[in-house]
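Engineer: Next comes the sequence, and after it the predicted model I'd like to discuss.
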Amino acid sequence: MVTTLLAFLFSAVLTASGAFQSAQTATNLRVRGTIEKYDASTRTLSVSTPNGTLHFPLGATARIRQGWRQIDAATLEKLSGYRADVHYSESGGHKTVESVHVGGKAKG
């Protein structure tokens, strides 16, 4: 009886800690930088930041806007040198882009 109760409690603790850990693994992040390039064949957006260039694979559900207008991902090829604000989540080293907001031309 005691062994069964201990086994039940142990499995409940493992289940709760696993659920807590998986809830913590997805992190919402934001990066601001300058669009370096967009590769339409791989749907990868490269953004230059003070810490280096980051590469973001764009999924079909990513929202992309320039100012207040929604734009197609293909338009990003023409926006090299523009400021970008990328909102994404990262889990297990995999980035999932939620939205890209393109601003004006970067100074410099």
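Structural biologist: All right, it came through fine. Residues are numbered from 1 along each chain as shown.
Engineer: C-terminal to the helix or strand of the chain with the lowest mean pLDDT, what's the next element?
Structural biologist: In the chain, no helix or strand scores lower on mean pLDDT, DSSP states H and E than helix 2-25, which sits at a mean of 48. Using DSSP states H and E, the helix or strand that follows helix 2-25 towards the C-terminus is strand 27-39.
Engineer: Can you list the strands that that following strand pairs with?
Structural biologist: Take DSSP bridges as the rule and strand 27-39 pairs in its sheet with strand 44-49 (antiparallel), strand 82-91 (antiparallel).
Engineer: in the last one, what's buried?
Structural biologist: The one in question is strand 82-91. By neighbour count on 16 or more other CB atoms under 10 Å, the buried set for strand 82-91 is Arg83, Ala84, Val86, Tyr88. To be clear about C-beta, it is placed using only N, CA and C from the backbone, and glycine gets the same treatment.
Engineer: close enough to count as contact, the second one and Thr34?
Structural biologist: Yes: in terms of CB atoms under 8 Å, Ala84 counts as a neighbour of Thr34; the distance is 6.9 Å.
Engineer: Report the contact partners of the spatially most central residue of the chain.
Structural biologist: In the chain, the centroid-proximal residue (CA atoms, centre = their mean) is Tyr88; its distance is 2.2 Å. Contact analysis of Tyr88 by CB atoms under 8 Å, 6 or more residues apart in numbering lists Asn28, Leu29, Arg30, Val31, Phe56, Lys95, Thr96, Val97, Glu98.
Engineer: What of Val100?
Structural biologist: Per CB under 8 Å, 6+ apart, neighbours of Val100: Leu45, Phe56, Leu58, Ala62, Arg63, Ile64, Arg65, Leu76, Ala84, Asp85, Val86, His87.
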